[in-house]
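In: below are the sequence and a predicted model; questions follow.
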Amino acid sequence: MNLTGKLLIAMPGMGDERFDHTVVFLCSHTEDGAMGLIINKTAPEVQLSDLLRQLDITAEPASQGELPVRFGGPVETQRGFVLHTPDYEASLNSLHVSPEFSMTATLDILEDIAVGQGPEKVLMMLGYAGWGPEQLESEIAQNGWLTAEADAGLVFDMDDGGKWGAALQTLGVDPLGLSSEAGHA
């Protein structure tokens, strides 16, 4: 099963607090492993304008420089990733994940965002989540994750605090009905 372009929804009690109540957008899923970006965990007190200053990129006042930066995952936390709408074609280095989503990890997208020429919708992340061969499949089999279709409205427009519950509701799951305790019949 290829889960590229899908959402992973962390189940309560999965055992890794870094992923507690997270929603992960999977950018790539192959037999070699998987790579995704957490879309609902804001990095503490970091704005895109801070990153642009650190990289000596001058932003126009009307740019998207005050966007929050998210914690994309525990791997390479100093590396930036931008999940965005596919209307941004300036970079040959963009990964077109699905008809609604692309991901770019090069400086040119930040330079374009700074001058108002970036994609229509963006989520900026530091770090990513990664899994080795069969690791994600094992975690799903152990009920660590649910999978759902990725919806651009949920990913880009919804408040981070509501994404986990909303993602569960797309599957007909009431977040209040979930328990972190496993049951046995």
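Out: Yes, it's here.

In: nearest residue to Leu95 other than its sequence neighbours?
Out: Nearest non-adjacent residue to Leu95, counting by Cβ to Cβ, 6 or more residues apart in numbering: Met103, 4.8 Å away. For glycine as for every other residue, the C-beta is placed from the backbone atoms N, C-alpha and C.

In: that neighbour bridge partners, please.
Out: Beta-bridge pairing for Met103 (DSSP bridges): Leu83, Leu95.

In: that one touches Pro86, doesn't it?
Out: No. Using Cβ atoms under 8 Å, Met103 is not in contact with Pro86, being 10.0 Å away.

In: ok, those two, which is more surrounded?
Out: Neighbours were counted for Met103 and for Pro86 using other Cβ atoms under 10 Å; Met103 has more, 23 against 16.

In: for the more buried one, give me the pLDDT.
Out: We have a pLDDT of 95 for Met103.

In: ok, now Glu17?
Out: Reported pLDDT for Glu17: 85.

In: likewise for Thr58?
Out: Reported pLDDT for Thr58: 81.

In: related to what we said a few turns ago, residues touching the residue nearest to Leu95, list them.
Out: Residues near Met103 by Cβ atoms under 8 Å, 6 or more residues apart in numbering: 27, 37, 81-84, 94-95, 97.

In: now the two most distant members of those.
Out: The two members of the contacts of Met103 with the most space between them (Cβ to Cβ) are Leu37 and Ser94, at 14.0 Å.

In: more neighbours, these two?
Out: Using other Cβ under 10 Å as the criterion, Leu37 and Ser94 rank with Leu37 on top: 24 against 20.

In: endpoints of stretch 110-120, how far apart?
Out: End-to-end distance of stretch 110-120 (Cα to Cα, to the nearest Å): 13 Å.

In: now do it, average pLDDT.
Out: Across stretch 110-120, the average pLDDT comes to 88.

In: buried set for that stretch?
Out: Buried residues in stretch 110-120, counted by 16 or more other Cβ atoms under 10 Å: 110-114, 118-119.
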